[in-house]
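**Q** coordinates only, sequence not included:
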């Protein structure tokens, strides 16, 4: 396949690197160790099933959902399209 100046397989390498970065970022944000019985944010009890499913959890479902929506994605633009470079 003709890629212009890029070597063969460069697009797949970009996809692989993007996935690898996302997995590493997810691993860094995962908590481990002993969790809390009460939510750090609101003080409500964290259900035992949640603590068993997610070891190290320190927030209830509602507060974690709020934290997740507030989190912004930061990454590298690997697309390298001319359009994105001209902006």
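**A** Sure thing, it's come through. Everything numeric here is computed off the predicted structure, so don't read it as measured data.
**Q** only C-alpha atoms from now on, for both contacts and neighbour counts.
**A** Fine.
**Q** show me where the protein has its helices.
**A** Using DSSP state H, the helices found in the chain span residues 10-29, 48-53, 61-70, 82-86.
**Q** now render these as CSV, adding mean neighbour count and mean pLDDT.
**A** Output for the helices of the chain, formatted as CSV (neighbours: other C-alpha atoms under 10 Å; pLDDT from 0 to 100):
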stretch, mean neighbour count, mean pLDDT
helix 10-29, 12, 87
helix 48-53, 12, 90
helix 61-70, 12, 89
helix 82-86, 8, 55
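**Q** so for residue 37, which of those helices sits nearest?
**A** Among the helices of the chain, helix 48-53 comes nearest to residue 37, with 7.8 Å by C-alpha to C-alpha.
**Q** how far out from the middle of the chain is the closest one?
**A** 21 Å (C-alpha atoms, centre = their mean, to the nearest Å).
**Q** what residues does it touch?
**A** Residues outside helix 48-53 that contact it (C-alpha atoms under 8 Å, 6 or more residues apart in numbering): 35-37, 57.
**Q** run the last query once more with 10 Å
**A** 34-37, 54, 56-61 (C-alpha atoms under 10 Å, 6 or more residues apart in numbering).
**Q** sorry, back to before: for the helices of the chain, which one sits closest to residue 41?
**A** Across these, closest to residue 41 is helix 61-70 (C-alpha to C-alpha), at 6.7 Å.
**Q** centre of the chain to the closest one, how far?
**A** 13 Å.
**Q** for that helix, name the packing helices and strands.
**A** Applying 3 or more C-alpha pairs under 10 Å, 6 or more residues apart in numbering; DSSP states H and E, one finds that helix 61-70 contacts no other helix or strand.
**Q** and which of the contacts of helix 48-53 is nearest residue 12?
**A** Nearest to residue 12 out of these is residue 54 (C-alpha to C-alpha; 32.9 Å).
**Q** burial of the closest one, as a residue count?
**A** By other C-alpha atoms under 10 Å, 16 other residues sit near residue 54.
**Q** circling back to that earlier point, make JSON lines out of the contacts of helix 48-53 and add distance to residue 69.
**A** Below are these laid out as JSON lines (distance: C-alpha to C-alpha, whole Å):
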{"residue": "34", "distance to residue 69": "25"}
{"residue": "35", "distance to residue 69": "22"}
{"residue": "36", "distance to residue 69": "22"}
{"residue": "37", "distance to residue 69": "23"}
{"residue": "54", "distance to residue 69": "19"}
{"residue": "56", "distance to residue 69": "20"}
{"residue": "57", "distance to residue 69": "17"}
{"residue": "58", "distance to residue 69": "17"}
{"residue": "59", "distance to residue 69": "14"}
{"residue": "60", "distance to residue 69": "14"}
{"residue": "61", "distance to residue 69": "12"}
